[in-house]
Every structure is written in C-alpha cells, then in structure tokens.
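>>> sequence plus predicted model, see below.
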Amino acid sequence: MQQHRALAGHAQQQQRPTLQPRCPARSIGTQRMSPIARAEPPKQAQQEPAKLFGMIPLQAKGQNLDARIESGEFTDAGSTKEKITRPLRQALAKEPIVGRSIARTLADLGRQWRAEAAKRMPEARGDIREIVGQPVFVPLYKLFLVYGKIFRLSFGPKSFVIISDPAYARQILLTNADKYSKGLLSEILDFVMGTGLIPADGEVWKARRRAVVPALHRKYVASMVGMFGDCTQHGTGTLDRYVASGASLDMENYFSRLALDIIGKAVFNYDFDSLTHDDPVIQAVYTVLREAEHRSTAPIAYWNIPGVAMLVPRQRRCAEALAIVNDCLDGLIDKCKKLVEEEDVEFSEEFLSDRDPSILHFLLASGDEISSKQLRDDLMTMLIAGHETTAAVLTWTLYTLAQHPEAADAIRAEVDEVLGDRAPGVEDFKRLRFTTRVINEAMRLYPQPPVLIRRALQDDKFDQYVVPAGSDLFISVWNLHRSPALWDEPEKFKPERFGPLDGPIPNEVTENFSYLPFGGGRRKCIGDQFALFEALVALSMLMRRYEFTLDTSKPPVGMTTGATIHTTSGLHMHIKRRDLSSVPPPAVRSAEAPAYAFACGAASSAPAPSPVAAAAAASTAAPAAGGCPFHMGAAAAAAPPAAAGAGVVMGGAAVGLGGGVSIGPSGL
Ligand code: HEM
C-alpha cells in the first residue's frame with residue numbers, strides 16, 4: 001500500500017509531459033501500424049535538458065522514435081561525464097607535457113565512467129498517470145522497442161523492472177524461480193484468493209500445488225471434455241435466438257458466461273447456468289472479479305486505509321459480494337463433505353466420482369487435511385484463473401478469425417471433416433490441428449495475462465545488470481510474443497509460424513521461452529490442457545454451426561485490461577447459421593461420441609450425456625490416424641500422391657502438407 005501511496009503522491013507533485021495521450025489501445029488493437037510508426041516529430045527543446053542527466057522523460061521518448069533509435073541513442077547508453085569531458089581530453093592530448101598527462105588521467109577516468117554506465121540499467125521515468133487508464137502493456141511495448149529487453153520504469157521513488165527477453169524470463173520463471181515471489185499480485189489478490197495457488201508463495205504454495213495438481217488427472221480432463229461439449233451445446237440456444245432476431249450479440253459477454261458455467265461445474269460441481277439466467281451468486285462473482293481487476297490497475301490502494309472500505313460504495317458492494325460467494329462456496333464444501341462421507345469409494349490416483357467429478361470432490365476424497373478457508377481460497381483461485389482467461393482466449397480468437405475469414409473457412413473444413421455434428425472427444429484433438437494452431441496463434445497475439453508479476457527475494461543478475469532484492473518485476477508476455485527480434489512479422493496472424501501441423505503443440509519449451517501463453521517453470525498454469533481443450537471444443541462446435549461477422553455499427557474493438565485483455569466495449573457480432581446441406585459427412589466417425597443434431601435444428605433439446613459417459617466415449621473413440629488432419633480428409637485421400645506433396649486446397653486455404661500450412665487465396 002505504501003508503494004501505491006508513494007506513486008500517487010509523486011503523481012500529484014510532478015507535472016511531467018504525458019506519454020502518448022492518444023488512445024494507444026486503439027492503435028495497437030487495430031494492428032495496422034506499429035506504435036513507432038505513429039510517433040510524432042521530435043521536440044528538441046524538451047529533449048536536451050533531460051539528456052544531460054542521462055534520463056529522458058517518457059513523452060520525449062515517445063517522439064520520433066524511429067529517427068532516434070536509428071541514431072543509436074538508445075543502444076549505447078554511454079557515460080554523460082565521459083562524453084562531456086571527451087573534447088577537453090582530446091584538446092589536452094595535443095599539449096605535449098602537462099596536457100598529455102591530464103589527458104591520460106581523463107582517459108582512465110573515462111573508461112571507468114563508461115564501465116559504470118554500462119552496468120546501469122536503462123531507465124524510463126514518468127508519471128503514473130501516463131500508464132493508468134490504458135492497457136498497461138501498450139506503453140510497455142513501446143518502451144521495450146526503445147529501451148530493449150530489460151529496463152527500469154520509474155515513477156518517483158517507485159520503480160519496476162520490465163523484462164522482455166526469453167532468456168531472462170526463463171531465469172525468473174525456471175532457473176532462479178526460488179529467488180522470486182508473486183509480490184504485488186499477492187497483495188492485490190489477497191482479499192479474494194487469500195493463500196490460493198496463484199498468490200501463494202513458499203511452503204503454502206508447495207503444499208497446495210502438490211495437493212491440487214493431481215486433481216487434474218487424465219481421466220478428469222477427459223470427463224471434462226464431455227462437459228465442455230454439453231455446455232457449448234446448451235449455449236447454442238442463446239445463439240439461435242440471436243440468429244432468428246438478426247440482432248448482434250456481444251460474444252465477449254457470451255464467452256464469459258460459457259466459461260463461468262464450465263469452470264463452476266469443473267471446480268465445485270456448481271451449475272451457474274449463467275448462459276440462460278442471472279442470479280445474485282453470478283452477479284456477486286462478477287462484482288468480485290471486477291474488483292480484483294480494479295485493484296490491479298488502481299494507483300492507490302485506498303481500500304487498505306482503515307475505515308475507507310466501509311465508506312466507499314464500491315468497496316461495500318465488494319464486501320457484500322464476497323460474503324455471497326463465500327457462503328455459496330461454504331455450502332458446496334459442506335455438501336461435498338457429506339457426499340464423501342456417504343459414498344463408499346476407495347480413493348485412487350485417478351479418482352473420479354460419477355455423481356460429482358469436480359476438483360473439490362477429489363480434494364476432499366483425497367483426505368487432504370486443510371482448513372475450509374484454504375479450500376475456499378483454492379476454489380476461488382481456480383474459479384478466477386480458469387474463467388476470465390479462457391473467456392478472453394475465445395473472445396480474441398473469434399475477433400482474429402473475423403479479420404481472417406480464410407482461416408475461419410479452414411477451421412470449418414477441418415471440423416466438417418473430423419467431427420461433423422458431434423462434439424469432440426479427447427482423441428479428436430490430434431485431428432483438430434489447424435484449429436489448435438489458430439488458438440495457439442491467437443494466444444500469441446493476445447496473451448492472457450499479458451504481464452506476469454514477480455518480486456525479487458534476493459539480488460539477481462541479468463547480464464551486467466543487478467536487480468536488487470525487493471524489486472518488482474514485470475515479465476511482459478505481450479512484448480515477448482510480439483518482439484520483432486523473436487518473430488517474423490510479429491503483428492501478423494500467421495498460424496503456420498509454428499511449423500508443420502503434425503509437429504508439437506507450441507509451448508514455452510518448444511519456443512524457448514519466447515512463447516508463454518501458460519507461463520513457464522514451476523508456476524506454470526495447472527489448467528493448460530483443460531483450457532486448451534475447452535477452447536477447442538467451444539470453437540470447433542461453434543464454427544461448425546455458425547458464421548460470425550463483426551457488427552460494424554458498433555464502436556471498433558479496442559483493448560483494455562485488468563488481469564486479462566478485455567475489449568473496450570464488447571465484441572458485437574452478427575451470427576448466421578451455416579448451410580450444411582452440401583457439406584459431406586465427416587471422414588472420421590466415432591460411433592460412441594455424443595452426436596448433436598446441429599444441422600437439423602434440434603440442438604437445444606439434445607440430451608446431455610453425463611461427463612463420465614462422455615469420457616468413456618472419448619476413450620473408446622476411433623483411434624487417431626495421427627499426423628496432419630488434412631491427410632485424412634476426403635480431399636487429401638482423393639489427391640494423387642504427387643499433388644499431396646504440393647499442397648491441397650481446402651475451403652480457400654492452401655495447405656502445404658510437407659511444410660506446414662499457408663493460408664491464402666485458393667491456389668496459393
Ligand atoms: C486459456 C486459459 C488459461 C490461461 C491463458 C492461463 C494462463 C496462466 C498463466 C500465464 C499462469 C502463470 C501465472 C504466473 O506465472 O504468474 C497461470 C497459472 C495458473 N493457472 Fe492458468 N490459465 C488458463 C486456464 C486455467 C484453468 C482452466 C485453471 C484451473 C482449472 C487455471 C489455474 C491456474 C492456477 C491454479 C495457476 C497458478 C499455478 C501456480 O502458481 O502454481 N488456469 N495460468
């Protein structure tokens with residue numbers, strides 16, 4: 001809290017010029033032009049005095065960056081003292097006796113100054129107000145392009161180290177993970193997650209991770225895949241109503257509800273059914289989520305000031321909402337405890353109850369001796385971690401597809417061929433490879449969360465720069481994912497960038513810590529598989545049935561941020577049912593998998609199979625043919641061998657079977 005106060009105090013005293021006051025969210029959100037290309041012409045008068053002190057105010061940094069970067073201004077920090085004394089030294093060196101000796105002394109000093117300057121981390125100074133109120137990762141990206149892979153961002157006495165380098169990220173997340181805690185994040189999330197897995201550190205984190213991770217075992221995830229299909233199917237009722245009315249629907253809101261319904265069932269077997277109704281518990285969950293986001297971007301931790309919490313209406317509402325959610329969770333814990341007492345099932349590694357396959361049930365049945373408060377913290381953590389993230393991934397994937405209809409067509413071709421009108425089972429993931437790549441690439445462009453937060457518990461060193469204990473660090477995943485040094489045309493949507501479709505699914509290991517959609521190292525997301533499957537099920541089922549186009553009468557889609565990247569005013573889309581009359585049946589059949597009558601309009605009334613039945617179906621599904629899903633398709637089968645090597649045209653996308661996929665006009 002002191003840090004927040006200090007920041008705010010400084011913000012009031014200093015009248016610094018602001019950093020790029022035009023809406024940067026929109027500029028990067030539209031992805032038409034790099035922030036550098038938008039920079040304004042230089043204002044020499046502002047730059048010169050600041051340069052004397054080796055620091056340049058943020059606004060000056062933002063101006064005409066292209067020219068200044070080209071001049072090498074930022075690549076060689078150098079020493080100001082050395083630069084100032086250089087002409088004198090050069091003049092003295094011409095003087096044979098005394099002058100030359102002074103020049104030699106100055107040269108020695110100059111070397112020393114240069115060595116000291118090289119150890120000083122580049123620093124951007126600014127006013128906290130320049131960052132607040134816009135997605136924080138946007139100015140950080142711009143500064144990264146100027147200052148490079150590590151720099152200090154300072155607001156008065158407070159500073160943050162911004163990391164945008166894969167080797168440094170690996171050091172923090174993996175090799176030196178012991179030297180870091182969650183720092184600010186734990187402080188912000190304490191009110192809602194307590195000592196849940198995300199904010200927890202030290203021994204508590206170790207114990208909770210050891211207890212919770214086994215709950216997401218193979219059989220559990222398989223059973224959840226069936227439930228993802230049920231929930232997606234359930235949601236089509238809402239979509240069909242919008243199809244019929246012709247009105248556009250805010251798909252960000254829709255995905256948020258879908259993800260809430262799914263995570264409620266998965267974590268504590270609670271059916272929010274937020275896709276079809278609102279109730280006080282749903283409202284309370286959203287109030288708490290919004291508060292967590294508000295706290296993560298507010299400049300002052302005013303809620304910690306004694307008495308203020310009860311005076312500020314927003315904080316009172318948050319306290320009431322928390323009480324509602326906690327009551328609900330306590331009720332679910334009690335109910336599940338009774339179930340565990342009643343049932344006579346032996347606990348095993350892959351424990352999965354038919355009546356309640358939730359993580360809560362696993363934790364209670366495992367005999368894990370923990371307090372109700374800790375259990376509640378864990379459940380709340382998973383509810384929040386698994387909800388907004390997946391919803392945001394689906395939102396930005398659909399947004400990206402709206403701009404790349406050729407990729408949407410390629411997904412539909414894949415889904416038509418692999419699934420037809422049935423929901424995916426676990427085995428289908430090996431076949432839905434292009435759809436997976438689209439999600440991977442959307443997660444590169446829009447990482448959730450865009451920044452990982454850490455605090456150094458001990459000194460650490462990044463090349464020549466020492467980061468002292470107590471420093472707050474932001475690993476900018478956004479910067480890593482869009483670094484021009486790491487990615488070819490980083491701003492472009494290119495699912496083929498990850499290599500052949502039958503290659504491994506990209507992750508932090510395959511991409512050497514340049515790609516961190518689920519973090520990395522020991523604090524890596526525990527729900528990565530779960531979440532990828534969830535996104536894949538929802539996307540493939542919806543793309544099979546509908547066509548989505550942006551509602552251009554609404555404001556353009558911009559970005560804003562809390563824990564994840566939200567749109568500024570929704571992702572409003574017109575929805576149309578696909579005409580499937582001429583689409584051939586799928587090449588791959590799974591007799592056991594649940595079939596939904598997508599094409600005939602009886603979708604909403606289709607019986608929902610139980611999660612466990614779906615898991616069984618998944619495990620007995622036809623074995624995957626392996627390799628590229630397009631190999632198995634009718635088009636690939638029909639093509640002569642020579643043509644297969646040259647690429648197969650499907651749905652307007654050219655698929656190079658030998659060397660990955662390139663999306664483009666037919667015949668590319
Ligand atoms: C697409 C969806 C998801 C994304 C993008 C995502 C992303 C992440 C990231 C980047 C981290 C690392 C945070 C850090 O290092 O500071 C993380 C951690 C975590 N995630 Fe996820 N996540 C997703 C879904 C889920 C789901 C569905 C669950 C639960 C079922 C979950 C539970 C967790 C937990 C408990 C942690 C903390 C792990 C630890 O610190 O030991 N996440 N997630």
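Noted; the coordinates are in hand.

>>> and the stretch 101-250 of the chain, which residues reach the ligand?
197, 198, 209 (C-beta under 6 Å from any ligand atom). Glycine gets a C-beta too; all of them are placed from N, C-alpha and C.

>>> which of these count as buried?
197, 198 (16 or more other C-beta atoms under 10 Å).

>>> just the residues of the stretch 101-250 of the chain next to the ligand: which are in strands?
In strands, defined here by DSSP state E, there are no members of these.

>>> between the residues of the stretch 101-250 of the chain next to the ligand, which is closest to residue 462?
If you rank these by distance to residue 462 using C-beta to C-beta, residue 198 comes first, at 24.8 Å.

>>> can you pull the pLDDT of the residue nearest to that closest one when sequence neighbours are not counted?
Leaving aside its chain neighbours, residue 198 sits nearest to residue 381 (5.1 Å; criterion: C-beta to C-beta, 6 or more residues apart in numbering). pLDDT, residue 381: 94.

>>> and residue 381, how far is that from residue 558?
Residue 381 sits at a distance of 29 Å from residue 558 (criterion: C-beta to C-beta, to the nearest Å).

>>> of those two, who's got more company?
Applying other C-beta atoms under 10 Å to residue 381 and residue 558 shows that residue 381 carries more neighbours, namely 23 against 19.

>>> residue 197 is in contact with the more buried one, correct?
Yes. Taking C-beta atoms under 8 Å as the definition, residue 381 is a contact partner of residue 197 at 5.2 Å.

>>> the strands in the stretch 51-200 of the chain, which residues?
Ranges of strands in the stretch 51-200 of the chain, per DSSP state E, counting those that start in this stretch, are 123-125, 150-155, 158-163, 180-181.

>>> who does the shortest one touch, helix- and strand-wise?
Meaning strand 180-181. Counting contacts by 3 or more C-beta pairs under 8 Å, 6 or more residues apart in numbering; DSSP states H and E, strand 180-181 packs against strand 451-456.

>>> list the pairing partners of the strand it packs on within its sheet, with orientation.
Note on strand 451-456: by DSSP bridges, its sheet partners are strand 180-181 (antiparallel), strand 472-476 (antiparallel).

>>> what angle do that strand and strand 158-163 make?
Between strand 451-456 and strand 158-163, the angle formed by their directions is 120 degrees, by axes from the mean of the first three to the mean of the last three C-alpha atoms, to 10 degrees.

>>> contacts for strand 451-456 next, please.
136-137, 140, 172-173, 179-185, 467-478, 516, 519 (C-beta atoms under 8 Å, 6 or more residues apart in numbering).

>>> quick revisit: please flag which of the residues of the stretch 101-250 of the chain next to the ligand sit within helices.
Among those, the ones falling in helices (DSSP state H) are residue 209.

>>> and for residue 265, the neighbour number?
22.

>>> need the next SSE after the helix or strand encompassing it, C-terminal direction.
In the assignment (DSSP states H and E), residue 265 maps to helix 251-268. Next along the chain after helix 251-268, taking DSSP H and E as the criterion, comes helix 280-297.

>>> helices and strands around that next one, which ones?
helix 184-193, helix 313-342, helix 372-403.

>>> run the last query once more with 10 Å
In terms of contacts (3 or more C-beta pairs under 10 Å, 6 or more residues apart in numbering; DSSP states H and E), helix 280-297 is packed against helix 184-193, helix 251-268, helix 313-342, helix 372-403, strand 559-561.

>>> for the residue most central in space within the chain, what are its contacts?
Nearest to the geometric centre of the chain sits residue 448, at 1.2 Å (C-alpha atoms, centre = their mean). Contacts here follow C-beta atoms under 10 Å, 6 or more residues apart in numbering; on that basis residue 448 touches 388-393, 395-396, 442, 477, 517-518, 531, 561, 563-565.

>>> residue 562 too?
135, 289-297, 388, 392, 449.

>>> run a quick neighbour tally on the residue in the stretch 451-600 of the chain that the ligand sits nearest to.
Of all residues in the stretch 451-600 of the chain, residue 527 sits closest to the ligand, at 2.4 Å by C-beta to the nearest ligand atom. Neighbourhood size, residue 527 [other C-beta under 10 Å]: 22.

>>> count the neighbours of the closest residue to it other than its chain neighbours for me.
Spatially, and ignoring its direct neighbours in sequence, residue 527 is nearest to residue 386 (5.2 Å; C-beta to C-beta, 6+ apart). Residues within reach of residue 386, counting by other C-beta under 10 Å, total 24.

>>> one more: residue 246?
Count around residue 246 with other C-beta under 10 Å applied: 9.

>>> so it is in contact with residue 577, correct?
No. Look at residue 246 against residue 577 with C-beta atoms under 10 Å: they stay out of range, at 11.9 Å.

>>> give me the buried entries from the contacts of strand 451-456.
Buried subset of the contacts of strand 451-456 (neighbour count, 16+ other C-beta under 10 Å): 136-137, 140, 172-173, 179-185, 467, 471-478, 516, 519.

>>> sorry, back to before: and the helices and strands packed on helix 280-297: which comes nearest residue 111?
Of these, nearest to residue 111 by C-beta to C-beta is helix 184-193, at 39.0 Å.

>>> now that closest one against helix 372-403, angle please.
Using the same axes, to 10 degrees, one finds that helix 184-193 and helix 372-403 are set 110 degrees apart in direction.

>>> counting by contacts, list what helix 184-193 packs against.
In terms of contacts (3+ C-beta pairs under 10 Å, 6+ apart), helix 184-193 is packed against helix 2-13, helix 280-297, helix 313-342, helix 372-403, strand 451-456, strand 472-476.

>>> minimum distance to the ligand: which of these has it?
helix 372-403 (2.9 Å).

>>> number of residues surrounding residue 396?
26.

>>> over to residue 326?
17.

>>> who's in contact with it?
Residue 326 touches 192, 284, 288, 372, 373, 376, 380, counting by C-beta under 10 Å, 6+ apart.

>>> follow-up on the earlier one: what's the least confident stretch among the strands of the stretch 51-200 of the chain?
strand 123-125 has the lowest average pLDDT among those, namely a mean of 81.

>>> now for that strand, which elements pack on it?
helix 58-62, helix 137-147, strand 150-155, strand 158-163.

>>> so which of the ones you listed comes closest to residue 358?
Nearest to residue 358 among the helices and strands packed on strand 123-125 is helix 137-147 (33.8 Å), distances taken as C-beta to C-beta.

>>> what is the orientation angle of the closest one with strand 451-456?
Using the same axes, to 10 degrees: helix 137-147 against strand 451-456 is 70 degrees.

>>> quick one: contacts for residue 466?
119, 121, 459, 460.

>>> surely it is in a strand?
Yes. Residue 466 forms part of a strand when assessed by DSSP: H, G, I helix; E, B strand; the rest coil.

>>> any idea how far the residue lying farthest from the centre of the chain lies from residue 109?
Taking C-alpha atoms, centre = their mean as the measure, the residue most remote from the mean C-alpha position of the chain is residue 97, 65.3 Å away. Look at residue 97 and residue 109: by C-beta to C-beta, they are 20 Å apart.

>>> so what's the residue count around residue 156?
So residue 156, with other C-beta under 10 Å, has 17 neighbours.

>>> about what we covered before: from the contacts of residue 466, pick the one nearest residue 256.
Among the contacts of residue 466, residue 460 lies closest to residue 256 (C-beta to C-beta), at 37.4 Å.

>>> correct me, but the closest one touches residue 469?
Yes. Using C-beta under 10 Å, residue 460 is in contact with residue 469, at 8.4 Å.

>>> just the pLDDT for residue 642.
The model reports residue 642 with a pLDDT of 30.

>>> list the contacts of the closest residue to the ligand within the stretch 201-350 of the chain.
The ligand sits closest to residue 209 of the stretch 201-350 of the chain, with a gap of 4.8 Å, by C-beta to the nearest ligand atom. Residue 209 sits next to 197, 200, 522, 523, 526 when contact means C-beta under 10 Å, 6+ apart.
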